[in-house]
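Chemist: Structural data only, the sequence is not supplied:
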């Protein structure tokens, strides 16, 4: 998360307080308690509200229950920083006009967890990939959200990397 240099996190915490039902999930709260304890023991500065930790950190991926943030002074410098990182980003939520190289990552507020059927995970057209993956497959059809393969030989779609790819595909169809 990128925030302006003088951002007040009180507004952020107030806006997400209604999401506190996550505290009822034992596994999530075990992660929260663990990460909270580790950061306290290491004397790492952070903010938390009882169910979410925010920490200033440049690393993009964060552990469960932690959101990393960075401060910026100027949007154009921020965009220059994001362009080389675009392959690591799922989306950008912003009211600001993005440069053309980042435009395809822009998503509206409240829409980050509502992908359309044509929004492909990691920019890969899943159907095109599957069509070209095995030339022996004669037809791929979609019937009421179920992927059917008619092949000359049996293809185990749920092995190795295909398992992840297909599970993402079925998730997208079920939305």
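Modeler: Yep, it's here. Since we're looking at a predicted model, the values are computed, not measured.

Chemist: Which pLDDT value does the model give the nearest residue in space to residue 73 that is not next to it in sequence?
Modeler: Excluding the flanking residues, the one nearest residue 73 by CB to CB, 6 or more residues apart in numbering is residue 5, at 5.0 Å. For the C-beta atoms, the positions are set from N, CA and C on the backbone; glycine is no exception. What the model reports as pLDDT for residue 5 is 92.

Chemist: likewise residue 137?
Modeler: Per-residue pLDDT puts residue 137 at 46.

Chemist: Over to residue 37?
Modeler: 97.

Chemist: What residues of whatever helix or strand it lives in count as buried?
Modeler: Residue 37 is part of helix 26-41 when elements are defined by DSSP states H and E. Buried positions in helix 26-41, judged by neighbour count with 16 or more other CB atoms under 10 Å: 29, 31, 32, 35, 36, 39.

Chemist: Of those residues, which is the nearest to residue 56?
Modeler: residue 39 (11.6 Å; CB to CB).

Chemist: give me every residue that touches that closest one.
Modeler: Residue 39 sits next to 46, 53, 55 when contact means CB atoms under 8 Å, 6 or more residues apart in numbering.

Chemist: Find the helix or strand that the most centrally placed residue in the chain is a member of.
Modeler: The centre of the chain sits closest to residue 90, judged by CA atoms, centre = their mean, with a distance of 5.2 Å. Residue 90 belongs to no helix or strand when elements are defined using DSSP H and E.

Chemist: Need the contact partners of stretch 2-15.
Modeler: Residues from elsewhere that reach stretch 2-15 (CB under 8 Å, 6+ apart): 47, 49, 52, 54, 69, 70, 71, 72, 73, 78.
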